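Student: my questions concern the predicted model and sequence given below.
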Amino acid sequence: MQREQYRSWLLAQKYEPKTVSSQLSNVDRIERVYGDLDRAYAEDQLEAVLNSLRYSTVDRQQNRPNPSKIEIAGDVYNGLASMRSATLLYRRYRDCGDGASSVAASNGGLRIGPEGEELGHRMGLERDMQARCGRRSPSSSPTSSSPTTGSSARSIPGSSIFPRGTPAEWRW
């Protein structure tokens, strides 16, 4: 594994240092059991490793044993989901080149979730979604603040708590 280049790439993707450390730890754990991930990537882009890490909710419900070579203490479903996520993220790094690629080269900074889906960093998911959709974060949204309570509420242009029309036209 290209440990230092991978670490640099993760940091360039704006992952928090704790997340980077966790991802590196997970990939190290996978490598101890499956061997060099760079070799596995060269063979089949990590497909064999990923296939051995598959464990569905049906597998969980039927209490099937861990299909992988990785020893999981605790919930097999969540443990393998973390290992699968780490493997997919390492594959994304390898797909982007030698780690010198920018966030733009990795599809706008999308990240891989436990189920293999692309998503923003877990803690920054809302921020990432708003940035990708061109929306402002809640902290920059128009708000009004009550001087007596200090609470804030969003204002919605053109909205009112009162019905339109005259009181005679109101339907309750």
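Tutor: It's in.
Student: pLDDT below threshold where in this protein?
Tutor: Residue ranges of the chain with pLDDT under 70: 97-172.
Student: ok, Arg91 - contacts?
Tutor: For Arg91, the contact set (C-beta atoms under 8 Å, 6 or more residues apart in numbering) comprises 41, 45-46, 50. Bear in mind the C-beta positions are built from the backbone N, C-alpha and C, glycine included.
Student: which of those tops the neighbour count?
Tutor: Highest neighbour count within the contacts of Arg91: Leu46, with 21 neighbours (other C-beta atoms under 10 Å).
Student: from Ala81, how far out is that one?
Tutor: According to C-beta to C-beta, to the nearest Å, Leu46 and Ala81 sit 16 Å apart.
Student: biggest helix in this structure by residues?
Tutor: Ranked by residue count under DSSP state H, the longest helix found in the chain is helix 76-95.
Student: tell me the buried residues in that helix?
Tutor: 76-77, 79-94 (16 or more other C-beta atoms under 10 Å).
Student: then stretch 11-26?
Tutor: 12-13, 15, 19-20, 23-24, 26.
Student: among the residues you listed, which are located in helices?
Tutor: Short answer: these in helices (DSSP H) are 12, 19-20, 23-24, 26.
Student: which one of those residues sits closest to Tyr55?
Tutor: For these, the residue nearest Tyr55 by C-beta to C-beta is Asn26; the value is 15.4 Å.
Student: kindly export stretch 63-72 (C-alpha atoms) in CSV.
Tutor: Provided in CSV are the C-alpha atoms of stretch 63-72 (Å, rounded to 0.1, in the frame of the first residue of the first chain):
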residue,chain,number,x,y,z
ASN,A,63,-27.2,-15.0,11.5
ARG,A,64,-24.8,-16.3,8.8
PRO,A,65,-21.1,-16.5,9.7
ASN,A,66,-18.5,-14.0,8.6
PRO,A,67,-17.6,-14.8,5.0
SER,A,68,-14.3,-12.9,5.1
LYS,A,69,-10.9,-13.7,6.3
ILE,A,70,-11.0,-10.7,8.7
GLU,A,71,-11.8,-11.5,12.3
ILE,A,72,-14.7,-9.3,13.5
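Student: ok, so of the ones in helices among the buried residues of stretch 11-26, who is nearest Tyr34?
Tutor: Lowest distance from Tyr34 to these (C-beta to C-beta) belongs to Asn26, with 12.1 Å.
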